[in-house]
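Visitor: Take this sequence and fold it.
(one chain, ligands or ions: 1)
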Amino acid sequence: MSSEALDYTLSDEDELVARPFVKWAGGKAQLIPEIIKRIPKKYNTYYEPFVGGGAVFFALRPQKAVLADINSELINTYEVIRSNLQGLMKELSHHRYEEEYYYRVRAQDRDPLYSSYSPVQRAARFIYLNKTCYNGLYRVNKSGFFNTPFGKYTNPTILDQKNLTACNVALKNVECLVQPFDSILERAEEGDFVYLDPPYAPLSATSDFTSYTREGFGPDMQRKLAEVCVQLDKKGVRFLLSNSSADEIRELYQNFQIDEVYASRAINSKAAKRGSVVEFLIRNYT
Ligand SMILES: C[S@@+](CC[C@H](N)C(=O)[O-])C[C@H]1O[C@@H](n2cnc3c(N)ncnc32)[C@H](O)[C@@H]1O
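Guide: Now for the predicted structure:
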């Protein structure tokens, strides 16, 4: 592809439609209207500490924002989209949808030289794997290596110039950080707003997908998160949190407003289990 073909100019209309540049487990796309209508009209800085694919951020396009996630490959990709879009698009144009090639690219993080790959190479690899792996699922093994198998698609779009350009515009003036949720929230001040979408508490011992990271996100983390929310409330920071309707969640947030909303869960190994489930939207304001 010529470098000329990699320039994409947004019309005013296009600018409005930045969408997540990756498919992400727990992506909030279908709950967006329920979430957006509960977000305060005015606030200072917008914080999203479990940003994932950023469906809420891209729908909202706040003036001033801090996005964070514990996944360093993901946050590197946000950074590169913001700061080196042309380099990223060029690198992405070299990737191709072929099974053998996919497994070679997937194996790169096992290479001792992987840490010397440039941020652009890592970001392109991240997007490429997301677009071509099974179900867009980000999954790592115990050693932290990406291990989702190849996915079957008809002509997947690996380089979406229009959307990447829209994301680049949305990310101007946005801070993106690799940080665990508790440290990022120490920064939030009175008048700020925080949207939190942590890995969900499972409804039963064997049910939901919760391992975005090697460490997982168990009951101790859910309790720690609830404590952080209490601290935010004390500081005068408004928060809105999504979680499952597990009993432990109702108990942890009993002093806050809990709304029940309906969502259909897309990432589940058994298609038969995809269906509508009740989820919680929890907030500390009216
Ligand atoms: C439910 S997903 C967020 C989905 C996102 N709202 C979207 O629309 O795609 C949860 C995210 O939390 C991140 N995460 C897991 N543990 C974390 C931690 N301790 N601190 C910060 N982020 C964490 C995961 O990497 C994952 O991206």
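Visitor: Go through this protein and flag its longest helix.
Guide: helix 219-235 (DSSP state H).
Visitor: Return the set of buried residues in that one.
Guide: 221-222, 225-226, 228-229, 232-233 (16 or more other Cβ atoms under 10 Å). C-beta: built from backbone N, CA, C; applies to glycine.
Visitor: what ranges do the strands span in the stretch 51-200 of the chain?
Guide: Along the stretch 51-200 of the chain, the stretches classed as strands by DSSP state E, counting those that start in this stretch are 65-69, 174-178, 193-196.
Visitor: I'd like to check what contacts the second one. Which residues are they?
Guide: Taking Cβ atoms under 8 Å, 6 or more residues apart in numbering as the criterion, the residues outside strand 174-178 that touch it are 51, 65-72, 75-76, 78-79, 82, 184.
Visitor: Can you check the pLDDT for the residue lying closest to Y134 once chain neighbours are set aside?
Guide: Counting by Cβ to Cβ, 6 or more residues apart in numbering, Y134 lies nearest to G151, which is 4.2 Å off, once chain neighbours are set aside. Predicted confidence (pLDDT) for G151: 97.
Visitor: how near is G151 to R139?
Guide: 12 Å (Cβ to Cβ, to the nearest Å).
Visitor: same thing with A65?
Guide: The spacing between A65 and R139, counted by Cβ to Cβ, is 28 Å.
Visitor: quick one: which of the two has more around it?
Guide: A65 (21 against 16; other Cβ atoms under 10 Å).
Visitor: okay but that one is in contact with N44, surely?
Guide: No - the pair A65 / N44 is not scored as a contact, 10.6 Å apart, by Cβ atoms under 8 Å.
Visitor: Check whether Y78 really touches V66, as I assumed.
Guide: No - if you go by Cβ under 8 Å, Y78 and V66 don't touch, sitting 11.5 Å apart.
Visitor: So for these two, which residue has more residues nearby?
Guide: More crowded of Y78 and V66, by other Cβ under 10 Å: Y78, with 25 against 21.
Visitor: Give me the local confidence score for the more buried one.
Guide: At Y78, the predicted lDDT confidence score is 98.
Visitor: Same check on the one 4 residues further on?
Guide: As predicted, R82 sits at a pLDDT of 97.
Visitor: heads up, I number from 471, so please use that
Guide: Sounds good: first residue 471 from here, last item R552.
Visitor: measure it to the ligand for me?
Guide: Distance, R552 to the ligand, by Cβ to the nearest ligand atom, to the nearest Å: 17 Å.
Visitor: how deep is the closest residue in space to that residue that isn't next to it in sequence tucked in, by neighbour count?
Guide: Sequence neighbours aside, L641 is the residue nearest to R552 in space, at 4.0 Å (criterion: Cβ to Cβ, 6+ apart). Neighbour count for L641, taken as other Cβ under 10 Å: 24.
Visitor: go on, the one 10 residues further on?
Guide: When neighbours are defined as other Cβ under 10 Å, F651 has 20 of them.
Visitor: L655 too?
Guide: L655 has 23 neighbours, counted by other Cβ under 10 Å.
Visitor: The spatially closest residue to it that is not a sequence neighbour: what's it in contact with?
Guide: In space, L655 comes closest to V698 once its chain neighbours are excluded; the distance is 5.2 Å by Cβ to Cβ, 6+ apart. Applying Cβ under 8 Å, 6+ apart to V698 gives the contacts 651-652, 655.
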